[in-house]
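Visitor: structure here, sequence nowhere to be found:
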């Protein structure tokens, strides 16, 4: 029961999706529509699970007065205020929830990733070394692309933007296409293994 | 310790400060470097410009605040471009955090062009599931999105009259920061239903989309803040992307200098060790 | 007024996070935990208004579409994962999700990312018009355009050969794999360059907010 039923569900759900691609008529079209709608709803519960787990973890920390428990108060309070604002006043433009999004969520999310600019600059200086011919080629390609992608490149050499465009459209494109085809074949084989029940790692755990 | 070795191991906070100055300086004192338009952005612009008034474009905001400096300027320029041509916009998103950003861009542009929510544009909101959502709305938009982003029923909205599925959409534009995003729109909307798809992506993912561009699966690609600046130039709008290009240029120059000088130190050190 | 308070609050949180560049500190930690809590609330509220209410609650409880009991039951099974003793029941909805995704990806990845890409690579090795253009108006860009197509074909084939690890990369096969590595290095270099561009853009965005929206210096 613990493994057989899920494997059967995987098989049925997967093959309905495969078959409706080739037979877009009844009953597969109706089944596809039904499964699509169920999928959207179940995904929400997966997110509820994630959020539930997060709150369970931090409420536990609070209860046990574990190290850094006062930060858990910040987390839970922030969650409660924004959740309450959204559920009471809605999410329309101009609502309190919208205010929290633009003045709390947005600046913090943006700044977290803006920090990466500093670290990437530091890494470029401290770690990026042309130790091998391949690394040297990578470095040269990176420098040409970086210069050609900004207005400054035009002032260094007027043909640099065109060279940069050529690198992106030819050798880069060829390399990316090779990677893409390789990944596609990997995804196809893994998907088939999952549908046929050969790959069962997603069922691991209690 | 030799000077080159000392410079190789400089405190990273010095590098942080140099980068901060390299970016802040040109923002405070703009240089005014000229922006040239590249072919992928020109193709994107032409794909939108070739649409007739009254066409319907689906704008999928598949990004979040973390990628806002790159993608939001594209979003703003795009909705201005669409409204200026009297094209209807059906907004939605595969990422929840892109919804209010798309809504803000559409509302601002609507004020300028005299457009009305429910008649000229709508925001259908977000659904979880990526590729499954696209497949679902390709068959039936109203069943997949019965309400808008604020939970209001959409069936009676004027803009949704006659819109059943992707057959009633003239162009799909995905502004994305990762997966799900442009790739999924290409796989289902273009791959199966042969709809025209154009994309605006962050610079991190842009190189990976050139195969789709080359194969004709993607009708135009705006990559990163530079791409957004090029598109702003084409639609004749001076937005945040254009204003950031001077800073981008100087910062790139500084990082290239860092890479070159660090490798020079490395080669000197390697030679002296031999 | 709410706008001014909002801008100052946003600026304060921005500076709290930027303080991490000096070193880890309580202000950064405060902002980090607040961010996690607020983001979680955002996801919860948006999922309610955008999915749970219009796709489940209203159709099932107000419009009588009883078939939606099935995803409701599967969803509740998913949440059972939080309870250790009956957590195994969450495998059923998980299997449904994995099966659906696998079914979609099996066909769409093969079509769009493999077959369409191979088809796009099937071009004539020598593009006569491009070479004619080069001989009529010789120059670097004309030359690059002329060698573009054969380069793409060689690059794609050798790149794929490199990823074929079932055979040892020796002899002629190894030579082709080596050429493939060169193309991949150019692609990775381009990706690195674009990644730098992306990260700098994010910093430009935040500094623009601080200097323009908050301090009004620019």
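Guide: In hand now; what should we look at? Note that this is a predicted model, so its numbers are computed, not measured.
Visitor: just give the nearest non-adjacent residue to residue C:182, would you?
Guide: Using C-beta to C-beta, 6 or more residues apart in numbering or on different chains and skipping residues adjacent in sequence, the residue nearest residue C:182 is residue A:137, 6.3 Å away. For the C-beta atoms, the positions are set from N, CA and C on the backbone; glycine is no exception.
Visitor: ok, the one you found touching residue C:186?
Guide: Yes. Counting by C-beta atoms under 8 Å, residue A:137 touches residue C:186, with 6.5 Å between them.
Visitor: those two: who's more crowded?
Guide: Legend: neighbour count by other C-beta atoms under 10 Å in any protein chain shown for residue A:137 and residue C:186, higher for residue C:186 (27 against 20).
Visitor: so the more buried one is in which element?
Guide: helix C:171-208 (DSSP states H and E).
Visitor: in that helix, what counts as buried?
Guide: Residues C:176-177, C:179-208 are the ones in helix C:171-208 that count as buried (16 or more other C-beta atoms under 10 Å in any protein chain shown).
Visitor: off-centre distance for it?
Guide: 16 Å (C-alpha atoms, centre = their mean, to the nearest Å).
Visitor: which non-adjacent residue is nearest residue B:10?
Guide: Nearest residue to residue B:10, sequence neighbours excluded (C-beta to C-beta, 6+ apart): residue A:125, at 7.8 Å.
Visitor: helices along chain C, start to end?
Guide: C:2-18, C:26-47, C:69-79, C:91-108, C:116-121, C:128-136, C:140-162, C:171-208 (DSSP state H).
Visitor: most packed of these?
Guide: A comparison of the helices of chain C by mean neighbour count, using mean count of other C-beta atoms under 10 Å in any protein chain shown, puts helix C:91-108 on top with a mean of 25.
Visitor: surely residue B:187 is in contact with residue C:115?
Guide: No. Assessed by C-beta under 8 Å, residue B:187 is found out of contact with residue C:115, at 11.8 Å.
Visitor: quick one, which of those two is more surrounded?
Guide: Remark: of residue B:187 and residue C:115, residue B:187 carries more neighbours, 28 against 14, as counted by other C-beta under 10 Å.
Visitor: separation between the more buried one and residue B:59?
Guide: Residue B:187 sits 19 Å away from residue B:59, going by C-beta to C-beta, to the nearest Å.
Visitor: contacts only, for residue C:107.
Guide: Residue C:107 is in contact with A:17-18, A:21, counting by C-beta atoms under 8 Å, 6 or more residues apart in numbering or on different chains.
Visitor: filter the residues you listed down to the ones in helices?
Guide: A:17-18, A:21.
Visitor: ok, so of the residues you listed, who is nearest chain B?
Guide: Checking these against chain B with C-beta to the nearest C-beta, the nearest one is residue A:21 at 7.1 Å.
Visitor: in the chain, which spans are strands?
Guide: Defaulting to chain A. For chain A, strands defined by DSSP state E do not occur.
Visitor: the intended chain is chain B.
Guide: Per DSSP E, chain B carries strands over the ranges B:56-62, B:88-93, B:121-126, B:171-176, B:197-201, B:221-223.
Visitor: distance from the chain centre to the fifth one, please.
Guide: Centroid separation between strand B:197-201 and its chain, computed with C-alpha atoms, centre = their mean, is 7 Å.
Visitor: likewise for the second one?
Guide: What separates the centre of strand B:88-93 from the centre of its chain is 15 Å, taken as C-alpha atoms, centre = their mean.
Visitor: would it count as contacting chain A?
Guide: No. Strand B:88-93 lies out of reach of chain A by C-beta under 8 Å from any C-beta of the partner chain, never closer than 12.5 Å.
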